[in-house]
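Student: kindly return the folded structure for what I paste below:
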Amino acid sequence: MNPQIPATPSASGSTGTASPPDHSGKLTQAKQAIAQTARDAAAKLRSAAGDATSVAREEASRLAAEKKAAAAARVGGYSAALHESARSLEEQDPNIAYFTHRAADKLQGVADYLRARDFGMLREDCGHFARRHPAVFYGGLFFAGLLAGNLLKATAHPRSDSSPYDDDDWRDRVADPEDPRMFDELPAPASAPPPPSP
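Tutor: Predicted structure coming up:
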């Protein structure tokens, strides 16, 4: 009772029984779909990375501009303070007042220079200066490093192995022998010799 499958002509024109379906076409389509999905994901990752990089660059540029403006304002403030000092010195010693005004004008010029340049231009100018005057540039870096090291050392936290006399009331304990705290920090004597017998 099995029905016979009628023979169908094949593409080659011969007749015969049905062949199994061809899955190679579906497999190729699946490979292409996966490859396209991978390319799309990679493109999205590159786009996201590019966006993150541009945001980071913009943030760094913004921070650099803020720091540059703050430095220019600080230098401008020093200039104004020097001008004020020079004005108070004009009656006492006009020569010192003159040179103080000139120094304040130079500082104001530095502040204006910082305000007028962007960070890239400042970096280029620094590079040009380093190429023209390498000894001065590296000497300045050396002294700036020394200054930074001393500032870091000066602002360091006090050590934990400090002496008990580091606090402010050590003078009171020395001046007042009745204070029981004065003898708390003294080391215990080594074994005392026996008293002489009579």
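Student: CA atoms for contacts and neighbours, from now on please.
Tutor: Fine.
Student: okay, now Ala38: neighbour count?
Tutor: The local packing of Ala38 (other CA atoms under 10 Å) involves 12 other residues.
Student: helices along this protein, start to end?
Tutor: Here the chain has its helices, by DSSP state H, at 24-89, 94-116, 119-132, 134-154, 170-175, 181-184.
Student: mean neighbour count, the ones you listed: which tops it?
Tutor: For these, ranked by mean neighbour count under the definition mean count of other CA atoms under 10 Å, the leader is helix 94-116 at a mean of 17.
Student: may I have it exported as PDB, CA atoms only?
Tutor: Listed next in PDB are the C-alpha coordinates belonging to helix 94-116 (Å, rounded to 0.1, in the frame of the first residue of the first chain):
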ATOM      1  CA  PRO A  94      60.500 105.700  42.900                       C
ATOM      2  CA  ASN A  95      63.200 103.500  41.500                       C
ATOM      3  CA  ILE A  96      62.000 100.400  43.100                       C
ATOM      4  CA  ALA A  97      58.400 101.300  42.200                       C
ATOM      5  CA  TYR A  98      59.500 101.700  38.600                       C
ATOM      6  CA  PHE A  99      61.000  98.300  38.400                       C
ATOM      7  CA  THR A 100      58.100  96.800  40.300                       C
ATOM      8  CA  HIS A 101      55.700  98.300  37.700                       C
ATOM      9  CA  ARG A 102      57.800  96.800  34.900                       C
ATOM     10  CA  ALA A 103      57.700  93.400  36.500                       C
ATOM     11  CA  ALA A 104      54.000  93.700  36.900                       C
ATOM     12  CA  ASP A 105      53.600  94.700  33.300                       C
ATOM     13  CA  LYS A 106      55.600  91.600  32.200                       C
ATOM     14  CA  LEU A 107      53.400  89.400  34.300                       C
ATOM     15  CA  GLN A 108      50.300  91.000  32.800                       C
ATOM     16  CA  GLY A 109      51.900  90.200  29.300                       C
ATOM     17  CA  VAL A 110      52.200  86.600  30.300                       C
ATOM     18  CA  ALA A 111      48.600  86.500  31.500                       C
ATOM     19  CA  ASP A 112      47.400  88.000  28.200                       C
ATOM     20  CA  TYR A 113      49.600  85.600  26.200                       C
ATOM     21  CA  LEU A 114      48.000  82.700  28.100                       C
ATOM     22  CA  ARG A 115      44.500  84.000  27.500                       C
ATOM     23  CA  ALA A 116      45.100  84.600  23.700                       C
END
